[in-house]
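K.L.:
Pasted the sequence and its predicted model underneath.
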Amino acid sequence: MIQVNAMGDACPIPVVKTKNAIRDLAGSGVVETLVDNEIAVQNLTKMANQKGYGVKSEKLGENQYKVTMTIGEGAQMPEEGEVEVCLAEPGQKRKIVVAVSSSKMGEGDEELGKTLMKGFIYALGQQEILPETILFYNGGAALSCEDSPALEDLKSLEAQGVEILTCGTCLDFYNLKDKLRVGDVTNMYVIVEKMMEAHQIVKP
């Protein structure tokens, strides 16, 4: 059995810690996770049900819960790099972060990919619930710069309150720092922070 202490940890950290513990089992076994709120219990239970693990939870005291997962032989193991989807606290606005790592959407024809990405960003601005933040990094950094076909749509999103952040290291690498036309420059620490705090991460 492996015990995980996730007291005081914000989503998705309890789920991430639990998945790491399950991988450490390298087979069947039991993982117990301590958390301090019911939302974390729900997130862990949802993950266990998706993977087919046995799961039960109990309240140990004020702001103290234990979630016990039983992993059987041949059970599905968590994969590296899985995106965690968190439930929002009651009354809390759901934090949606869009992470864009390329100037095109999907694999295949490059021009089609660029057309699809432009359409994706336009469609974002038409949604009833807008993302809190859009992160641009690697090849995606070009989309927030001069001559980007999505520039006007991004400016419209920013005007509606969406935070637009582009990786400074990426702008430097592609010689685009002087061509940024919407949003602000950011760094990897902030990118990771925004992703860790998100209830949902969307990657086109």
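P.N.:
That came through fine.
K.L.:
For residue 88, give me the pLDDT.
P.N.:
Per-residue pLDDT puts residue 88 at 57.
K.L.:
Beyond the helix or strand that contains residue 59, next helix or strand please.
P.N.:
Counting by DSSP states H and E, the element that carries residue 59 is strand 54-61. Once strand 54-61 ends, the next helix or strand along the chain (criterion: DSSP H and E) is strand 64-71.
K.L.:
could you pull out the helices for the protein?
P.N.:
With DSSP state H as the criterion, the chain has helices at 13-25, 38-51, 110-124, 151-159, 168-173, 188-197.
K.L.:
Give me the local confidence score for the residue nearest to residue 151 when sequence neighbours are not counted.
P.N.:
The spatially closest residue to residue 151, leaving aside those adjacent along the chain, is residue 181, at 5.8 Å (CB to CB, 6 or more residues apart in numbering). C-beta coordinates here come from the backbone N, C-alpha and C atoms, glycine included. Here the pLDDT value assigned to residue 181 is 97.
K.L.:
show me the residues around residue 182 that make contact.
P.N.:
By CB atoms under 8 Å, 6 or more residues apart in numbering, the residues touching residue 182 are 144, 151, 154-155, 158, 164.
K.L.:
now do 6 Å
P.N.:
Contacts for residue 182 (CB atoms under 6 Å, 6 or more residues apart in numbering) come out as 144, 154-155, 158, 164.
K.L.:
hang on, the earlier thing: so what secondary structure elements neighbour the strand holding residue 59?
P.N.:
helix 38-51, strand 64-71 (3 or more CB pairs under 6 Å, 6 or more residues apart in numbering; DSSP states H and E).
K.L.:
what is the orientation angle of that strand with helix 38-51?
P.N.:
With axes from the mean of the first three to the mean of the last three CA atoms, to 10 degrees defining the directions, strand 54-61 sits at 170 degrees from helix 38-51.
K.L.:
partners of residue 135 in the sheet?
P.N.:
residue 99, residue 165 (DSSP bridges).
K.L.:
Check the burial of residue 113 by counting its neighbours.
P.N.:
Using other CB atoms under 10 Å, residue 113 has 16 neighbouring residues.
K.L.:
Leaving out chain neighbours, which residue sits closest to residue 78?
P.N.:
residue 19 (3.8 Å).
K.L.:
roughly how far apart are the closest residue to residue 139 other than its chain neighbours and residue 191?
P.N.:
Counting by CB to CB, 6+ apart, residue 139 lies nearest to residue 102, which is 4.5 Å off, once chain neighbours are set aside. In this structure, residue 102 and residue 191 are 15 Å apart, going by CB to CB, to the nearest Å.
K.L.:
Show me the shaky parts of the chain.
P.N.:
79-93 (pLDDT under 70).
K.L.:
Tell me the residue in it that is farthest from the middle.
P.N.:
Centroid-distance maximum for the chain: residue 61 at 30.5 Å, with CA atoms, centre = their mean.
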